[in-house]
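In: With the sequence up front, the predicted model follows.
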Protein chains: 2
Amino acid sequence: MSVLVVGSMAYDSVETPYARVENALGGSATFFSAAASFFTPVHLVAVVGEDFNTAEIDFLVQRGVSLDGLTVEKGKTFRWKGRYLANMIDRETLDTQLNVFENFNPNLPESYRDDQVVFLANIHPELQHHVAQQVRNARFVAMDTMNFWISGTPESLRRTLTVADALMINDSEVRDLSGDSNLLTGAQKIQAMGPRTLIIKKGEHGALLIHESSLFSCPAFPVTEVFDPTGAGDTFAGGFMGYLAMKNDFSAETMRTAMVFATALASFSVEGFSVDRLRTIEKADINNRVKRLYEMTRFQIEILP
Amino acid sequence: MSVLVVGSMAYDSVETPYARVENALGGSATFFSAAASFFTPVHLVAVVGEDFNTAEIDFLVQRGVSLDGLTVEKGKTFRWKGRYLANMIDRETLDTQLNVFENFNPNLPESYRDDQVVFLANIHPELQHHVAQQVRNARFVAMDTMNFWISGTPESLRRTLTVADALMINDSEVRDLSGDSNLLTGAQKIQAMGPRTLIIKKGEHGALLIHESSLFSCPAFPVTEVFDPTGAGDTFAGGFMGYLAMKNDFSAETMRTAMVFATALASFSVEGFSVDRLRTIEKADINNRVKRLYEMTRFQIEILP
């Protein structure tokens, strides 16, 4: 079964202590699609400007990403410029030019409206809600968000949360959205706002799946060289949602395996700029990291007499 | 098989945003022994002053902790006073009175010199080395350290590392000791200094076992209320070493299970001041958390066709 994603396509300029790149293909919908397309067809909804070079996303089309929902508007494509600090986690935004993204109004092509698996990437919660309303038979709707919406548009965000099955969020955002400094009780408060599933991303410390009252902890895949963390979260989301859509199953057990595939994909993403690594890896590479994550977490349980 | 521990016994005064305690029983050897004694007899080596109330450690004796190596010296017991910040991780030391601990010179009783499993808690690396020299038939020697020794006495620390089988260390200390910002390649550099096993403690993010080239990641047990983190690391060490000594086995597989027991014990430690929770829990409580950690980490592996 296909997965629908609504998000951004962008040109990113990124500096790290080790390297830099100008106007590289980026955006949440791009990273998501590059990851999800390993598993299942992807229906992409995004907007770009007249300066966008569609040849750069031919590889996505070849992997089964539909561009029926991609709109080309007069003006320039969304551009973001940022710099990572020495720890390769904290970053500062040097410049943001929303351009055509400023008036993004996602309307789904008719052919997408029966999609059952939906990812609402990090855009204004009003737009997320608008998309969710256009889908007729959704079985599993997941959404991302960020501190900007948590503090800036809390009512809109709350309303969108009521229509989401799952929320992807990082650990500091859990604390901000719930007002609770404890991750676990904070997560329970967010579940009470709507989504019964929370996927809490902790960067180099892995990710936590909270599905109803069950917990699953997945470590990060240990990468010896983090080259550029941009897009890791959206790549994770693409791996997670793509796997669920491929299995057409949304049980806790399937979500656990989806977390592991998501982790493997995110680990590749950070090994290069833009979607460079996601272009070149093959399924065997993903399988290898899934196997290593399995080995990294196995233990013999024993009970004290 | 018994486990030998050399470390501190202290009176701690601790403030958190929620509560405070004065002159509570603390010290690395105390927390270690309270945890390890669930698994195996403990041989304790420490020094206290004349003001020390030995009735407070009767519960340790009842659990099989030998005090043959406990010296009472003229003067006062080591005292530490600290305050935890709102995140319950960062802390500031308000006062340190080394007292009799300043001249601690650990000499093992003859009855301890055949011990095969040894934990050198966080004391001067010269003293750790001195203890290691007194043990005739050591099979598994693990040590702790801290930034104070990494920057202050690097030559001593390097010499002690050459006689250690395992090093327990936190993630920022890995970076400081190795001079490498990547945890994994930093760990490899430390292994090259001597210990073939590294246990990297990451607090709320769990712990990582690196044994030769194999990795095991254990999440922290999710505690809904962290009351006082003091002693969590030493409790973890006590659980880990106590389990290994009980099994009399130092294979990678046994170390993995030991990590999980260690995690369970540390999670109890932070739920109360001092060793309060470690006094009152029973083996069934530990087993329950081990089972929950097992459930938290299970997943069905699948391979993409």
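Out: Looks like it arrived, so ask away. Numbers count the residues shown, from 1 in each chain, chains lettered A, B, ... in the order given.
In: residues in the stretch 201-305 of chain A within reach of chain B, list them.
Out: Contacts of the stretch 201-305 of chain A with chain B, taken as Cβ under 8 Å from any Cβ of the partner chain, map to A:202, A:204-206, A:208, A:214-219, A:222-226, A:253, A:256-257, A:259-260, A:283, A:286-287, A:290-291, A:294-305. C-betas here are computed from N, CA, C, even on glycine.
In: So what does A:T297 have for phi and psi?
Out: phi -120, psi 0 (degrees, to the nearest 10).
In: what's it in contact with, if anything?
Out: A:218-219, B:216-217, B:297, B:299 (Cβ atoms under 8 Å, 6 or more residues apart in numbering or on different chains).
In: now do 6 Å
Out: B:217, B:297 (Cβ atoms under 6 Å, 6 or more residues apart in numbering or on different chains).
In: separation between A:S178 and B:Y18?
Out: 18 Å (Cβ to Cβ, to the nearest Å).
In: Can you pick out the residue with more neighbours from the two?
Out: A:S178 (21 against 12; other Cβ atoms under 10 Å in any protein chain shown).
In: which one is that one nearest to, not counting chain neighbours?
Out: Leaving aside its chain neighbours, A:S178 sits nearest to A:G186 (3.6 Å; criterion: Cβ to Cβ, 6 or more residues apart in numbering or on different chains).
In: Any buried residues in the helix or strand hosting the one you found, and which?
Out: Using DSSP states H and E, A:G186 falls within helix A:183-191. By neighbour count with 16 or more other Cβ atoms under 10 Å in any protein chain shown, helix A:183-191 contains the buried residues A:183-184, A:186-188, A:190-191.
In: count of residues packed around A:A252?
Out: By other Cβ under 10 Å, neighbour count at A:A252 equals 13.
In: Next up, the contacts around it.
Out: A:A252 neighbours (Cβ under 6 Å, 6+ apart): A:211, A:214.
In: For it, grab phi and psi.
Out: The phi/psi pair for A:A252 (degrees, to the nearest 10) is phi -60, psi -40.
In: What segments of the stretch 201-305 of chain A are helices?
Out: Taking DSSP state H, counting those that start in this stretch as the test, the helices found in the stretch 201-305 of chain A are A:232-247, A:252-269, A:276-280, A:283-297.
In: Check A:H124 and give its pLDDT.
Out: A:H124 carries a pLDDT value of 96.
In: oh, I was asking about A:D90
Out: 85.
In: so what's it closest to, chain neighbours aside?
Out: In space, A:D90 is closest to A:Y84, 7.3 Å off (Cβ to Cβ, 6+ apart).
In: what bridges to that neighbour?
Out: Bridge pairing for A:Y84 (DSSP bridges) gives the partners A:R91.
In: Would you quantify the distance from it to chain B?
Out: Distance of A:Y84 to chain B, computed by Cβ to the nearest Cβ, to the nearest Å: 12 Å.
In: A:I169 now?
Out: Relative to chain B, A:I169 is positioned 16 Å away (Cβ to the nearest Cβ).
In: Quick check: next helix or strand after the helix or strand containing that residue?
Out: If you go by DSSP H and E, A:I169 is part of strand A:166-170. Under the assignment DSSP H and E, the closest C-terminal helix or strand after strand A:166-170 is helix A:171-178.
In: Who are the packing partners of that next one?
Out: Here helix A:171-178 touches helix A:147-152, helix A:183-191, going by 3 or more Cβ pairs under 6 Å, 6 or more residues apart in numbering or on different chains; DSSP states H and E.
In: Quick one: list the elements packing against the longest one.
Out: Taking 3+ Cβ pairs under 6 Å, 6+ apart as contact, the helices and strands that helix A:183-191 lies on are helix A:171-178.
In: Mean pLDDT added to the helices of the stretch 201-305 of chain A, as JSON lines?
Out: Shown next, in JSON lines, are the helices of the stretch 201-305 of chain A (pLDDT from 0 to 100):
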{"stretch": "helix A:232-247", "mean pLDDT": "98"}
{"stretch": "helix A:252-269", "mean pLDDT": "98"}
{"stretch": "helix A:276-280", "mean pLDDT": "96"}
{"stretch": "helix A:283-297", "mean pLDDT": "98"}
